[in-house]
Every structure is written in structure tokens, then in C-alpha cells.
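Chemist: Fold the stuff below for me.
(chains A and B)
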Amino acid sequence: MSNYFSNIFEAVSTLFTGLGITWRHMLNIRKDNVTLQYPEERWPRPERDIGFNIDDYNVIRSRLQVDIDDCIGCMKCERACPVQCIKIVTTKSGAKGEDLPDINHTGVTSNGTKKALIVSRFDIDMTECCYCNLCTYPCPEECIYMTGGPNSHKHPIDYEFSQYDRNDLIYKFAKEIDDEKLSKYFPQKEEAKA
Amino acid sequence: MGVVHGDLMTLNIGPQHPSTHGVLRLKVKTDGEIISEVEPIIGYLHRCFEKHCENVTYEQVIPYTDRCDYIAAMNNNFGYAVTVEELMEIKVPERVEYIRVIVAELNRIASHLLALGAYGLDVGAFTPFLYMFRDRERILDLFETLCGARLLYNYIWVGGVSHDLPPGFIGAVYSFLDYFEPKIEEYNELLTYNKIFIERTGDVGVMPPEVAVSYGVTGPNLRGSGVKWDIRKDEPYSIYDKFDFDIPVGAGEMGTVGDCWDRYYVRMVEMKESVKITRQALKGIPAGDVHQALPKKIRPPQGSIYKRTESPRGDLAYYIVSDGSPIPYRLKMRSPAFTALSVLSEISQGWMMSDVLAILGSLDIVLGEIDR
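Modeler: Coordinates of the predicted model:
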């Protein structure tokens, strides 16, 4: 019988211990508030004091971005991708390092590398991307990167890129190239076809 | 009057059920409200991890290991990296070892916080769940500054780590640990010694040590049964032999040795030990280049290796067969959660219907790892 009452006493007392803790937290609600009101407030923000500034970030995982003028079409990112979400098609450029204004092709990258290939297709399917960041490390021109964070000087952060249509999530970075104009530079290719 | 036995009723729990911790289906045969058989049906999250690994290169396997035990992805990366390094005989720099231990122990804390919080939720305590998630969030914030990702890191690479620590990281970890240590006492007050919680978990789902050993249960579940076995101590990998820490074991404080409460409490004490290890590692971290030992091309010599590491769920092992090519010939992962789930049927016999979820929660399974 005494056991019965001591059990009840124990249950009630531990219950009040727990309630006391929650009550303490409720009194400190202004100080301890950890919830972000998402559409109005956004992380990352330096104000949320975890001792870090956004500039201190090593790396960030967000949408992939390609500066296509710097791309030399080496396909290292395509090979590094574990889920094969990057698709690249290149054509050999007859004139190495020369600008081809008809097809919007720049001959030299911002690092000074002369391009030998014309990138006619550079698609990244962000629905397949697993955000492992493996594609960005091998790039010799550092033209494929994730937006924001340490790369914010190249492209502002973009992590809210939902779409109504799934096909809109396939990002096409290559410039649209007219086949006719391309064939002007490569007449020999046409002959081979014929 | 004797016990009346009726027909067995088959009850289906899951695959979509908040207490199954993922997509797990339990086929429960009940006699009244007493459990006579539990059959876990798995495979709903099967993603062909092992077959995938036979088609991607060694460095591309790491994002896949993230997705096995997604609660403790750092530990999965760690185990894989250690295994391949031993196969290739790579000696990684001291700084890398320290960084790995720090992130692995932080992730162990994060994983245990989720396990304990969700366990409280399973048995009806909502507040601890929110508090533990609040603190877990801080660890994820730290990881985000470290490698950009909050859950699937791809941070620990073969021969190194992807990035050195960002400026101010060590101070931020120190301040987190200072903040976190008193919180453990708060959790204890709030949940551990709560009478209702003890009634739900103490003396429930007892797993005797011999059952645990014969089923191959490892990690906190095994230590909850009073068996002192921890790979970090008994078969040290990386630099765990340099640190001074204890291995908590279940003592049957609130009932019998090996009950749900013991398994729960072992995790709680283990977080304290992880804090201890992290502090020592932060103190001893040397300077150095973290990319120094990264191999140009990962092409292990012919042969095979089986290496185990201690993940938050237990003995996580990789078996890799290499044929000398840059792609693994065969990769097998020994999942600690799988063995933990296999013992469920044995230890939940004879308990009440509502105890099954208490027992399942105390085993701390992650379906991503079980189904792979």
C-alpha cells in the first residue's frame, strides 16, 4: 500500500521537475528562441551567433553553377559525378583560342587557357544532383561551383530553386548554338556525313 | 482459472508509421494484447548500395556511404576511409586523424541526441525531443561551416578530409561543448529519471548478454546488456588509443540489466564520453596540411580487407575486394542496425503491444543502413 502511494508521489514529483525545466525555458523564451521564421528570416545569417560569419565558410552546398565562358570542355566534372547528372557534348574547334562571335564562343578563359573545344551542350539535372560537391574539385578552370558562400563573388546564393515543371530543373548552361552556323566552321564534318 | 488463449491476431505496423523510424513494416502476432511473434519486414528503402559500389570509383562511393546511415554520415565516411587506407597502406597526417575524431565524436553526439529524443517521442514525451533537436542543430551548424552540408557530408576522404577546419572552428566547438555538457543533466532531469518514463522502459524488453552476443548485436545495445565491448577501445583504429575515456555499460539501475532503460542510459553516458574525447582531441590537434596524403588516383592493390569501426549504432564494418582497378570489385557493409533489428523478435516476445515500440525505439535503428 505504501508502495502505491510512494509511486504516485514519485510520478508527480518527477513530473513537476520536468515541468519546472520547461517553465524555466518558457520564461527565457526571448533569449533561448531558436526557431527561424523561415520565409521572413533566412539562414545563413551572421546574426545567429554560432561564432561564424558567412565569409568563414569553407564551402557551401547549393545549386551548381557553370561559368560557360570559362569551360574548356575537359569533362572532368562529368566523370567525377557519382550519379551522372552532368551531360556535356563538345565539338572540336578548328581555331584554337580564337573567338567565334557567330556562335558566341570565346576562345580564351579568364585564366588564360586557350580553348580547343566548343561546348555545345552542358546540362546539369538538379533533380538528380546529390550535392556531394565532387564535381567542383577536379575543375581546372574553377568554372563549376556551388553558388553562394565562398563563391558569392561569382554568383549570389541560390538554394530556393523549386519549379512547377521537373524539366525546368535541368539547367542548360551551354549557349544555344545554331547547327547551321556551327557547320560553317566545320564544313568537313558535313562532308563526312554525306 | 487458467489463462485463456484465443486465436492469434495478426497486426500490421507500418511501413508508414512514425514509431518505426523509417519505412519498416512489423508483422505482429498478438494473443490478446500479449506479443507472441514480431516479424520485421525490411527492404522498403533498398537502394542497391553494394551493387552501386561495384560501378563507381572509390571516391564516388563516399557519397553513397553517407546515405546509408544518414544520421551519422561522418562515421560512415570515417569507416570507409579507414578501410580503403589500410588496403592502400596510406599513412594519413596527424592533423587529419584529429579532425576525423572530432567530427566523428560530434556526429556521435548528434546521432545519440536524435536517438534519445525520438525515443522519448516513442514513449510519449514530446519536450525532450524538441530540446535535443535544438542542440543537435548546433552540431549540424558546425558541420555546415565545415563542409557545407548538414546531413550528408562527403567530408572524410580516402587519405584526408575535404577541407581544413575553417577559422574559429575550434573555438566554436569548445563553446558548443561548454554549452552542451550541462544540458545532459537537464535531459536526465527531464526524461531519464521521470517516473513515467522509467515505468515504460525499466524492466521492459530485457536483452540478456548471451542473447545479444549470439545475435551479433553491437554498440550501445550490447553495452546496455552489460558487455563491455567497444571497437574504439578493444581494437583501436585511427588514434583512439591516444584518448582517455570510459565505456559505459548497463547496470540495471531501474530494473534488470539489458532493459530498454539501460540501452537508453548507455547512450546518455556515451555522449558525456564523446564530449571528453572531443575536448582531448581539440587540445592536442597539431598543425599540418590535410591534403598532403590524398592519393592522386585511388587504385588499391589486389586483395581484400575487412575493417570494423565503431559507429554510433555499433560495429560498422566494410569488406572490400579489390582487383587492382579504380572500381571496387565487391564491397560489403556490415550494418550494426541490421543485427539490432534481428534481435527484436526474440526480446519482444511476451511483452505488451505498446512495449514493442518502446523496445524498437531503444534499439535505435536506421532503416537507410538496414536496407542499404
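
Chemist: hey, which helix is longest across the chain?
Modeler: Defaulting to chain A. Longest helix in chain A, counting residues (DSSP state H): helix A:2-27.

Chemist: Let me rephrase: I mean chain B.
Modeler: Among the segments of chain B that qualify as a helix by DSSP H, the longest is helix B:94-122.

Chemist: Is there any residue in the longest helix of chain A that contacts chain B?
Modeler: Yes: judged by C-beta under 8 Å from any C-beta of the partner chain, helix A:2-27 and chain B are in contact via A:N7, A:E10, A:A11, A:S13, A:T14, A:L15, A:T17, A:G18, A:I21, A:T22, A:H25. C-beta: built from backbone N, CA, C; applies to glycine.

Chemist: still on that earlier bit, can you mark which positions in the longest helix of chain B are buried?
Modeler: Neighbour-count burial for helix B:94-122 flags B:95-122 (criterion: 16 or more other C-beta atoms under 10 Å in any protein chain shown).

Chemist: immediately after it, which helix or strand?
Modeler: The helix or strand immediately downstream of helix B:94-122 is helix B:127-147, counting by DSSP states H and E.

Chemist: Packing partners of that next one?
Modeler: For helix B:127-147, the packing partners by 3 or more C-beta pairs under 8 Å, 6 or more residues apart in numbering or on different chains; DSSP states H and E come out as helix A:2-27, helix B:94-122, helix B:169-187.

Chemist: Let's see that with 6 Å instead.
Modeler: Using 3 or more C-beta pairs under 6 Å, 6 or more residues apart in numbering or on different chains; DSSP states H and E as the contact test, the elements touching helix B:127-147 are helix B:94-122.

Chemist: Can you get me a residue count around the closest residue to B:R134 other than its chain neighbours?
Modeler: Distances taken as C-beta to C-beta, 6 or more residues apart in numbering or on different chains put A:V34 closest to B:R134, at 5.1 Å, once the chain neighbours are dropped. For A:V34, the count of nearby residues is 12 (other C-beta atoms under 10 Å in any protein chain shown).

Chemist: Same question for A:G20.
Modeler: 12.

Chemist: Ok, the one 3 residues further on next?
Modeler: Neighbour count of A:W23, defined by other C-beta under 10 Å: 11.

Chemist: confidence score at it?
Modeler: pLDDT, A:W23: 87.

Chemist: And for A:G112?
Modeler: Here the pLDDT value assigned to A:G112 is 77.

Chemist: Roughly how far does it sit from A:G97?
Modeler: Look at A:G112 and A:G97: by C-beta to C-beta, to the nearest Å, they are 10 Å apart.

Chemist: between those two, who's got more neighbours?
Modeler: Taking neighbours as other C-beta under 10 Å, A:G112 and A:G97 compare with A:G97 leading, 14 against 8.

Chemist: doesn't that one fall inside a strand?
Modeler: No: with DSSP: H, G, I helix; E, B strand; the rest coil as the criterion, A:G97 is assigned coil and is not in a strand.

Chemist: Test my guess that it contacts A:H105.
Modeler: No: with contacts counted by C-beta atoms under 6 Å, A:G97 stays clear of A:H105, the gap being 10.8 Å.

Chemist: For the most centrally placed residue in chain A, which non-adjacent residue is closest in space?
Modeler: By C-alpha atoms, centre = their mean, chain A has its centre lying nearest to A:R63, at 2.4 Å. Among residues not flanking A:R63 along the chain, A:D158 sits closest, at 4.8 Å (C-beta to C-beta, 6+ apart).

Chemist: thought that neighbour was touching A:T147?
Modeler: Yes: taking C-beta under 6 Å as the definition, A:D158 is a contact partner of A:T147 at 4.6 Å.

Chemist: okay, and the common contacts of those two?
Modeler: Common contact partners of A:D158 and A:T147 (C-beta atoms under 6 Å, 6 or more residues apart in numbering or on different chains): A:R63.

Chemist: who's more crowded, these two?
Modeler: A:T147 (19 against 13).
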